[in-house]
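> Quick one, structure for this:
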Amino acid sequence: MTTQVALVGGTGKLGSIIGAVIDGLEGFEVSRVLTSRSDLAELDGADLVIDATTPQVSVDVVRAAVERRINVLVATSGWSTERIALVRPLVENAGTGAVFIPNFSLGSVLGSALAAAAAPFFGSAEIVEAHHEAKVDSPRGTAVRTAELIAAARAEQGPVSAPHADQRARGQQVGSVPIHSLRRPGVIAKQEVILSGPGESLTFTHDTVEPALAYAPGIRLAVPFAAQANGVFVGLESMIDIGIRS
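Coordinates of the predicted model:
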């Protein structure tokens, strides 16, 4: 049986990449492509909803999928741990699955995991993330997820040191970690996690050069997983063992 996929935001950059990957996945078919302005009643009859819209629209897409008891794969940025927590009881009550993927790049997932594993050994952590000028949200979902992982890894040590965090130029804090967002032409997606301690620093950098190539392996993992998921899952690390422990 072929899984019928409703791809919302399928005409955008990420949506187009997801659609192209699904075209090569056995047992899956994009049966309907919706835009951010489409009537969500068009989701009726789908076996899986994939959301690649905007942070503002994504909430409605997820709610519409859960109400119809259709599993949903969320590829849209802006879903923090707190925001996902609000959706969790709705998904559990509906008996469906919701999978949130801040970044489909395996390299990005590894970079964030390595930073989280190292974070307990350093008193300071800051994130600098850059994206193209058309990126509508900041900080990006990957940076938020990385900061959340760092905060969780430092549960015993407590918050990182972030002097003068009340000043706007010091970035937006997530889990005590300052995040600095750049939006400029000539860049696709880049993230640096800078960990600092007495007399030294350690920097983890991930740079996306070709999105279609970087995201395809993660998409191929996430789509079948989301179709069968029951409950709420976050990140590619929830479906593969990347061999890194905080």
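> What pLDDT is listed against the residue in the chain sticking out farthest from the centre?
Taking Cα atoms, centre = their mean, the residue of the chain most remote from its mean C-alpha position is residue 199, at 33.3 Å. pLDDT, residue 199: 98.
> how about it, what does it touch?
Counting by Cβ atoms under 8 Å, 6 or more residues apart in numbering, residue 199 touches no other residue. Every C-beta, even on glycine, is put in place using the N, C-alpha and C of the backbone.
> measure it to residue 123 for me?
With distances taken as Cβ to Cβ, to the nearest Å, residue 199 is found 12 Å from residue 123.
> Residue 173 too?
15 Å.
> And the residue nearest the centre of this structure?
Using Cα atoms, centre = their mean, the most central residue of the chain is residue 102, at 0.6 Å.
> so it sits right up against residue 145, yeah?
Yes - here residue 102 reaches residue 145: they are 4.2 Å apart, a contact under Cβ atoms under 8 Å.
> Run through this protein and note the low-pLDDT ranges.
In the predicted model of the chain, residues 245-246 satisfy pLDDT under 70.
> helices and strands around the longest helix belonging to the chain, which ones?
In the chain, assigned by DSSP state H, the helix with the most residues is helix 211-228. Where contact means 3 or more Cβ pairs under 8 Å, 6 or more residues apart in numbering; DSSP states H and E, helix 211-228 is packed against helix 13-23, strand 28-34, strand 48-51, strand 71-74, strand 97-100, helix 106-118.
> Quick check: buried residues in that helix?
Applying a neighbour-count criterion of 16 or more other Cβ atoms under 10 Å, one finds 211, 214-216, 218-219, 221-227 buried in helix 211-228.
> possible to save those residues as TSV with distance to residue 6?
Converted to TSV, the buried residues of helix 211-228 look like this (distance: Cβ to Cβ, whole Å):
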residue	distance to residue 6
211	22
214	25
215	19
216	20
218	20
219	16
221	20
222	16
223	13
224	16
225	17
226	12
227	12
